[in-house]
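J.: Take this sequence and fold it.
(2 chains)
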Amino acid sequence: MHSIPFEHGLILAGVLFVLGLIGVLTRRNVVFVLMSLEIMLNACGLAFVVSSARWQHADGQIMFLMILTLAAAEVAVGLGLIIQMYRRYHTVDLNVLTQMKG
Amino acid sequence: MTVLDLIWLLPTLPLTGFLILALTGGTLPKSVVAAVGAGSVGLAFIVAALASIELLGSGQESFQLSLWTWMAAGEFASSFAFYLDGLTVVMILVISGVGFLIHLYSTGFMIDDPGYSRFFAYMNLFVAAMLVLVLADNLVLLYLGWEGVGLCSYLLIGFWYENPANGYAARKAFVVTRVGDTSMALGLFLLFSQLGTLNIQELMLAAETQWQTGSGLAVAAALLLLGGAVGKSAQLPLQTWLPDAMAGPTPISALIHAATMVTAGVYLIARTHLLFELAPTVQSLVAWVGLITLLMAGFTALTQHDIKRILAYSTISQIGYMFLGLGVGAWSAAIFHLMTHAFFKALLFLAAGTVILSLHHEHNIFKMGGMRRHLPVAFWSFIIGSAALTALPFTSGYFSKDEILLAALNAEGGGTLLWLGGVIGAFFTAIYSFRLVFVVFFGDSKHEATEVTGFPMAAPLAVLAVLALLGGFIHIPVESVFSHGGGEHEEPHASFLVHALMIAVPIIGVGVSYLLFCARTLDVEKLVRPGVGAMLHKFWFSGWGMDSLYQALFVKPFIFLAKVNRKDIVDLMVGWLVELTALANRLLVRTQTGYLRWYAASVMAGLVVLIVIGVLL
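T.: Here you go, the predicted structure:
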């Protein structure tokens, strides 16, 4: 069976990571920022899975499971914060939250 | 277990008194304060007396009590250990005995002072430090006591601190003695680095075996210790602080600046006399310093009109006699004079305190006069004290001063000159001390005064008067201390003429004083009015211009430098550091925009930089 080359998987993970990063940096809507963060997390997960396949080692996959749990918890907290933000400012625009500056 | 094992109680008792008074902070009633303050010193005197009887009765030369190791580092170890011998016995009895009398006097003298408790706290601390000084068996512990009494002197001179002049006098005393103390500390360093110990007895033994007579190191060490001694004992050239120290309450002047602390320098030299015998040049320097100081201070005392300043200059002059005695090797005569001086000078100061208090803090003797009838107790105290100070025959001062002068006469090299100077000094002592008596107590009275007295104030005067009269018959047990090494000079002998002269000179002095200041047969005004007389008077009055000399030589340049360097140069460099951090702060504050994406971008940029570095290296 012809498997996907290791490098391709890593490149895909890199591309996903950068896409997520661009989303985080450019989006103003906090929900989209959270979604972009999820993409970045999953890019990392993908890199782990690919690596575990490359070295025939289960550690990477276990790590991916941990990242999955972590991402779920993070989304729960993040969404809670977004709701609080909406209640207080009646908007989900990130640029509103700039009081903490020097 | 004998009383000797209890000598640790000596400094501990007054120290406990100090702690009680200091920790209660003036909340105790005055009767309790007086009981604690005077009682602790009284108990210390009882312990000192019992221990002295025990030591002298046992026939031992010395007794040592080691309490604990104070500090140890490498080869250096200093212990808290006390050493008791004949010399120490004299000192502890004088300190605790005269100290107790002065404490008792103070309970009456200070009764209306708001700082009553503070006063006794300082006094007790002083007595404790002074006892540590004389009991110490090593120079480090001695130095602890030395600095302790310096601190108490500072605190008590500035006791009435509301007046800035008193604070200035206190600082002056502290700074000037500090010059001497620094010299003494250097002396200790030198002794330790060369001889490897600071235990006084071992040190003297080591110095004798390792150093030749007149060797450079011995001279240097003796000179440095002498520096400390002249600072503490107000001798030339560090004598300027003592007259100003009279700013403190009068009992302080009696206790610290007449009877005990100022004689610490004499004690130090006597204690390390073997070292001074190894450096004959320094020893004769001691004699000359003493002689010059006693003459200068005598002339100055002649012109002063503040009753306490007269006594202060007379103290400087009498300590000059002690130094003269030390310098010619008459160790026990010097210590003898130290003791008799403690009696009669404490008496004079306490009597002066009574006069001052009775006249509502009047210090100028020319505003007094005729006080003989108003203040009989003070009058008789002054007569007895001045007689002893003048060394009229068979008073205590006569015996001690006589011994010193005879030893000076027999000293090798310039002995006759030293003797002559001492006799001239004695002549002027007679004039200035009876000038004080005649001006204050005779003539027309210019004030109505009722004597402030009572048992606490009259009793110490009476006891001290008896001691000043009969103290000359006390035999001080110091032969064994000074018989080591070169040994005491044999009984000085002198011709009948010399003896007659030494008895006659003070009496003539009193006579001259009577003619000048009482009968007024000779006109004093005529003496001081013409150009030379007025100039001399002014020159002597200012204390030979020493104060203005030091003002010009040290104080003014220092103040000038301080003004030039108003914006401290060192501070400036530290200031740059502050500027730099402030600048960095302003720059970094700009990066904190509050935008989340800016922070995320920074994190990413940092990551990229790290990765690039990792890849490149």
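J.: where does chain A dip in pLDDT?
T.: Within chain A, the set of residues satisfying pLDDT under 70 comprises A:1-2, A:102.
J.: Write out the residues of it neighbouring chain B.
T.: Taking C-beta under 8 Å from any C-beta of the partner chain as the measure of proximity, chain A contacts chain B at A:21, A:24-26, A:33, A:94-95, A:97-102. For every residue, glycine as well, the C-beta is placed using N, CA and C.
J.: Which of those are buried, as a ChimeraX select command?
T.: Buried residues within the residues of chain A next to chain B, by 16 or more other C-beta atoms under 10 Å in any protein chain shown, are selected in ChimeraX with:
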select /A:21,24,33,94
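J.: ok, the residues of chain A next to chain B vs residue B:314, which is closest?
T.: Among the residues of chain A next to chain B, residue A:102 lies closest to residue B:314 (C-beta to C-beta), at 72.9 Å.
J.: quick one, longest helix in chain B?
T.: In chain B, assigned by DSSP state H, the helix with the most residues is helix B:164-195.
J.: Which secondary structure elements does that helix sit against?
T.: Here helix B:164-195 is seen to pack against helix B:139-157, helix B:200-210, helix B:216-232, helix B:241-244 when contacts are counted using 3 or more C-beta pairs under 8 Å, 6 or more residues apart in numbering or on different chains; DSSP states H and E.
J.: do that again at 6 Å, thanks
T.: The helices and strands touching helix B:164-195, judged by 3 or more C-beta pairs under 6 Å, 6 or more residues apart in numbering or on different chains; DSSP states H and E, are helix B:139-157, helix B:216-232, helix B:241-244.
J.: Show me the residue at the heart of chain B, geometrically.
T.: Averaging the C-alpha coordinates of chain B gives a centre point, and the residue nearest to it by C-alpha atoms, centre = their mean is residue B:262 (1.9 Å).
J.: residue contacts, that residue?
T.: Under the criterion of C-beta atoms under 6 Å, 6 or more residues apart in numbering or on different chains, the contact partners of residue B:262 comprise B:233-234.
J.: what's the answer for residue B:327, then?
T.: Applying C-beta under 6 Å, 6+ apart, we find residue B:327 in contact with B:283-284, B:286-287, B:290.
J.: Using neighbour counts, trim those residues to the buried set.
T.: Among the contacts of residue B:327, those that count as buried by neighbour count (16+ other C-beta under 10 Å) are B:283-284, B:286-287, B:290.
J.: Roughly how far does the residue in the stretch 1-150 of chain B positioned nearest to chain A sit from residue B:154?
T.: Of all residues in the stretch 1-150 of chain B, residue B:25 sits closest to chain A, with a separation of 49.4 Å (C-beta to the nearest C-beta). Going from residue B:25 to residue B:154 by C-beta to C-beta, to the nearest Å gives 20 Å.
J.: Which one of those two is surrounded by more residues?
T.: Comparing residue B:25 with residue B:154 by other C-beta atoms under 10 Å in any protein chain shown, the one with more neighbours is residue B:154, at 22 against 10.
J.: Spatially nearest residue to the more buried one (excluding sequence neighbours)?
T.: The shortest distance from residue B:154 to any residue that is not its chain neighbour, by C-beta to C-beta, 6 or more residues apart in numbering or on different chains, is 4.4 Å, and that residue is residue B:174.
J.: Could you count how many residues lie near that neighbour?
T.: Look at residue B:174: counted by other C-beta under 10 Å, it has 18 neighbours.
J.: mind listing what residue B:148 touches?
T.: Contacts here follow C-beta under 6 Å, 6+ apart; on that basis residue B:148 touches residue B:129.
J.: Contact residues of the stretch 501-617 of chain B facing chain A?
T.: B:589, B:592-597, B:600-601 (C-beta under 6 Å from any C-beta of the partner chain).
J.: run the last query once more with 10 Å
T.: Within the stretch 501-617 of chain B, the positions lying close to chain A (C-beta under 10 Å from any C-beta of the partner chain) are B:585-586, B:588-598, B:600-601, B:603-604.
J.: Filter the residues you listed down to the buried ones, ChimeraX style.
T.: To isolate the buried subset of these in ChimeraX, counting by 16+ other C-beta under 10 Å, use the following:
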select /B:596,597,600
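J.: Next step: the residues of the stretch 501-617 of chain B next to chain A restricted to helices.
T.: Residues from these lying in helices, with DSSP H as the criterion: B:585-586, B:588-591, B:596-598, B:600-601, B:603-604.
J.: mind listing what's buried in the longest helix along chain A?
T.: Under DSSP H, the helix in chain A containing the largest number of residues is helix A:59-89. Neighbour-count burial for helix A:59-89 flags A:60, A:63-64, A:67, A:71, A:78, A:82, A:85 (criterion: 16+ other C-beta under 10 Å).
J.: could I get those residues as CSV with distance to residue B:242?
T.: Formatted as CSV, the buried residues of helix A:59-89 follow (distance: C-beta to C-beta, whole Å):
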residue, distance to residue B:242
A:60, 90
A:63, 86
A:64, 90
A:67, 86
A:71, 86
A:78, 82
A:82, 84
A:85, 80
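J.: buried sites along stretch B:43-58?
T.: Within stretch B:43-58, the residues that count as buried by 16+ other C-beta under 10 Å are B:43-45, B:47-49, B:51-52, B:54-55.
J.: follow-up on the earlier one: wait, doesn't the residue nearest to residue B:154 sit right on residue B:180?
T.: No: the criterion here is C-beta atoms under 10 Å, and residue B:174 misses it with residue B:180 at 11.3 Å.
J.: Any chance of the ones in helices among the residues of the stretch 501-617 of chain B next to chain A in JSON lines with pLDDT and distance to residue B:400 as columns?
T.: Compiled in JSON lines, these are given as follows (pLDDT from 0 to 100; distance: C-beta to C-beta, whole Å):
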{"residue": "B:585", "pLDDT": "91", "distance to residue B:400": "73"}
{"residue": "B:586", "pLDDT": "91", "distance to residue B:400": "76"}
{"residue": "B:588", "pLDDT": "88", "distance to residue B:400": "78"}
{"residue": "B:589", "pLDDT": "87", "distance to residue B:400": "79"}
{"residue": "B:590", "pLDDT": "86", "distance to residue B:400": "83"}
{"residue": "B:591", "pLDDT": "84", "distance to residue B:400": "84"}
{"residue": "B:596", "pLDDT": "84", "distance to residue B:400": "93"}
{"residue": "B:597", "pLDDT": "84", "distance to residue B:400": "96"}
{"residue": "B:598", "pLDDT": "87", "distance to residue B:400": "91"}
{"residue": "B:600", "pLDDT": "89", "distance to residue B:400": "93"}
{"residue": "B:601", "pLDDT": "91", "distance to residue B:400": "93"}
{"residue": "B:603", "pLDDT": "91", "distance to residue B:400": "89"}
{"residue": "B:604", "pLDDT": "91", "distance to residue B:400": "94"}
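J.: From these, pick the one nearest chain A.
T.: Compare each of these with chain A using C-beta to the nearest C-beta and the shortest gap goes to residue B:589, at 3.4 Å.
J.: what helix or strand does residue 12 sit in?
T.: The chain I'm using is chain A. Assigned by DSSP states H and E, residue A:12 falls within helix A:6-26.
J.: that's the wrong chain, I wanted chain B
T.: Residue-wise, residue B:12 maps onto helix B:9-24 under DSSP H and E.
J.: now residue B:67
T.: Residue B:67 is part of strand B:62-73, with elements assigned from DSSP H and E.
J.: and residue 12, what is it in contact with?
T.: Defaulting to chain A. Applying C-beta atoms under 10 Å, 6 or more residues apart in numbering or on different chains, one finds that residue A:12 lies in contact with A:4, A:43, A:46-47, A:50.
J.: The chain in question should be chain B.
T.: Listed by C-beta under 10 Å, 6+ apart, the contact partners of residue B:12 are B:6, B:40, B:44, B:47, B:128, B:131-132.
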